[in-house]
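J.: here's a sequence, model it:
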Amino acid sequence: MPTLLITGANRGIGLELSKHYLAQGWQVHACCRKPNDANALNDLAKNYQDMLTIHALEVTNESQMGSLKETLHNKPVDMLINNAGVYALEASQFGKTDDKAWDEAVAVNLIAPMKMMEHFVENISISGKKIIASMSSKMGSMDDNGSGGAYAYRATKAALNAVMVSAAQDLRHLDITALILHPGWVRTDMGGPNGEISAEQSAKMLAEILDNCSIEDSGTFFDIDGSVISW
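T.: Predicted coordinates:
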């Protein structure tokens, strides 16, 4: 039974990806900040008692990350999806830089995915599929930036892309595939009500990319339709 480890799994794309892989027969380790308040995840667990495990993980809390590493010691993780992220609205406009919002964006969008890879690389290396995927955004593409704004979000996603490309090189000897994903403009709390696709649609399209990738794709920045984004 393949295993998924995913952050930010209590709502939106993370929740839908968890649902998708559970339906495909995967073991899912779903991480969120407050499991007791994750009603949708807890409802899901009632139907997948032996397949879904919910973990308390604030991705900026390295102590919690270390505890999860101990829990999963020597257990294969076929796929790690770094899904947790923040938009940092308070650090989106020129002339209104907010240091705390920037710090949070860097911690959640950039450093946390790096540390997740470092903590769980051994679990991934002993698995069958050996995939690490980080949820980026087309807004992290400098080539695609025609509207400006969203300073912290754009900057941290662009930096995340650079981190993932380096990881693709550094982990190639372990046959680990490191991917960068754009989930589309999704109707979520972050994407807003005018998004082009639902979280369920995004999850299914992302899963198609993940299910068909190979080591040759490592370091690639994929759009939701499977095309490659220049950045």
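J.: for the longest helix along the chain, list every residue counted as buried.
T.: Criterion DSSP state H: the longest helix present in the chain is helix 151-170. If you call a residue buried by 16 or more other C-beta atoms under 10 Å, then helix 151-170 has these buried ones: 151-161, 163-165, 167-168. Glycine gets a C-beta too; all of them are placed from N, C-alpha and C.
J.: show me what that helix is packed up against.
T.: Here helix 151-170 touches helix 99-105, helix 112-125, strand 131-135, strand 177-181, going by 3 or more C-beta pairs under 8 Å, 6 or more residues apart in numbering; DSSP states H and E.
J.: okay, buried residues for the second one please.
T.: Judged by neighbour count using 16+ other C-beta under 10 Å, the buried positions of helix 112-125 are A112, P113, M114, K115, M116, M117, H119, F120, V121, E122, N123, I124.
J.: with pLDDT and distance to D103 added, can I get those residues in TSV?
T.: Formatted as TSV, the buried residues of helix 112-125 follow (pLDDT from 0 to 100; distance: C-beta to C-beta, whole Å):
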residue	pLDDT	distance to D103
A112	98	13
P113	98	16
M114	98	16
K115	98	15
M116	98	19
M117	98	21
H119	98	21
F120	98	24
V121	98	26
E122	98	29
N123	98	29
I124	98	28
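J.: which pair in the residues you listed spans the largest distance?
T.: Among the buried residues of helix 112-125, the pair separated by the greatest distance (C-beta to C-beta) is A112 and E122, at 18.3 Å.
J.: now do the contacts for the residue lying farthest from the centre of the chain.
T.: Ranked by distance from the centre of the chain (C-alpha atoms, centre = their mean), the top residue is G95, with 30.1 Å. Neighbour list for G95: empty [criterion: C-beta atoms under 8 Å, 6 or more residues apart in numbering].
J.: which phi and psi does it have?
T.: G95 adopts backbone torsions of phi 90, psi 0, taken as degrees, to the nearest 10.
J.: what residues are up against S198?
T.: Contacts of S198 (C-beta under 8 Å, 6+ apart): V186, R187.
J.: just the pLDDT for L89.
T.: The model reports L89 with a pLDDT of 89.
J.: kindly report the same for L4.
T.: Confidence for L4, expressed as pLDDT, is 98.
J.: surely it forms part of a helix?
T.: No. Read with DSSP: H, G, I helix; E, B strand; the rest coil, L4 is strand and lies in no helix.
J.: what number of residues lie near it?
T.: Using other C-beta atoms under 10 Å, L4 is surrounded by 25 other residues.
J.: can you give me the distance of it to I209?
T.: To I209, L4 is 14 Å away according to C-beta to C-beta, to the nearest Å.
J.: check Q201 too.
T.: 13 Å.
J.: what do you get for S67?
T.: The value you get for S67 to I209, if C-beta to C-beta is used, is 31 Å.
J.: between the two, tell me which one has more neighbours.
T.: I209 (18 against 14).
J.: can you show me the CA trace of stretch 5-24 as CSV?
T.: What follows is stretch 5-24, C-alpha atoms only, in CSV (Å, rounded to 0.1, in the frame of the first residue of the first chain):
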residue,chain,number,x,y,z
LEU,A,5,2.4,12.5,3.7
ILE,A,6,0.7,15.8,3.1
THR,A,7,0.7,19.2,5.0
GLY,A,8,-2.2,21.6,5.1
ALA,A,9,-4.6,18.7,4.7
ASN,A,10,-7.6,20.0,6.6
ARG,A,11,-9.2,22.0,3.8
GLY,A,12,-9.1,23.0,0.2
ILE,A,13,-6.6,21.2,-2.1
GLY,A,14,-4.9,19.4,0.7
LEU,A,15,-8.2,17.8,1.8
GLU,A,16,-9.2,16.9,-1.7
LEU,A,17,-5.8,15.3,-2.4
SER,A,18,-6.2,13.3,0.8
LYS,A,19,-9.6,12.2,-0.3
HIS,A,20,-8.3,11.2,-3.8
TYR,A,21,-5.5,9.1,-2.6
LEU,A,22,-7.6,7.4,0.1
ALA,A,23,-10.0,6.4,-2.6
GLN,A,24,-7.1,5.0,-4.6
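J.: fine, thanks again, bye for now.
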